[in-house]
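**Q** Predicted model and sequence follow; I will ask about them next.
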Amino acid sequence: MGLYSEFKEFISRGNVVDLAVGVIIGASFGKIVTSVVNDIIMPPIGVLVGGINFSSLKLVLKEATTDPTGKVVEAVSINYGNFIQTGIDFIIIAAAIFLFVKGFNSMKRKEEAPPPAPPTKEEVLLTEIRDLLAKKS
């Protein structure tokens, strides 16, 4: 099988289209959740911890300087506040996606629940035997 025909078979599967749609929706959903985290959730958390803005937390290893030619050399720092913020974003996004998928799966299970199968001949016969034995007792 040639490379082109193999690629065509891969693309024509429904999974590729589903994956592309999922990535696009996920990116949009990520922007919404990031806005919720940055604009709604983090300000109260910052107030609770004393007005600290996590994004501005950093450990400066080397201060900004100006070299002899007048060019500014930027500071070297470890931005652990951004790491904390990203971790909180991840936890909230993961929780939101988990709840969304859980709700979607429960709705899908309700839709796909097949009707109960009719009893087999053996089950009908056993039920009749049980009923006859119950009448004799």
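**A** Looks like it arrived, so ask away. Predicted, not measured: the structure shown is a model, and the values here were computed from it.

**Q** Not including adjacent chain positions, what is the nearest residue to the most centrally placed residue in the chain?
**A** The centroid of the chain falls nearest to residue 97 when counting by C-alpha atoms, centre = their mean (3.4 Å). Residue nearest to residue 97 in three dimensions, not counting chain neighbours: residue 29, with 7.6 Å by C-beta to C-beta, 6 or more residues apart in numbering. Where C-beta positions appear, they are placed from N, C-alpha and C, glycine not excepted.

**Q** Which of the three states applies to that neighbour?
**A** Assigned with DSSP: H, G, I helix; E, B strand; the rest coil, residue 29 falls in the helix class.

**Q** circling back: the residue nearest to the centre of the chain and residue 43, how far apart?
**A** Counting by C-beta to C-beta, to the nearest Å, the gap from residue 97 to residue 43 is 23 Å.

**Q** And the least confident helix or strand in the chain by mean pLDDT, what does it pack against?
**A** Least confident helix or strand, the chain: helix 42-48 with a mean of 77, by mean pLDDT, DSSP states H and E. In this structure, helix 42-48 makes packing contacts with helix 80-112, judged by 3 or more C-beta pairs under 8 Å, 6 or more residues apart in numbering; DSSP states H and E.
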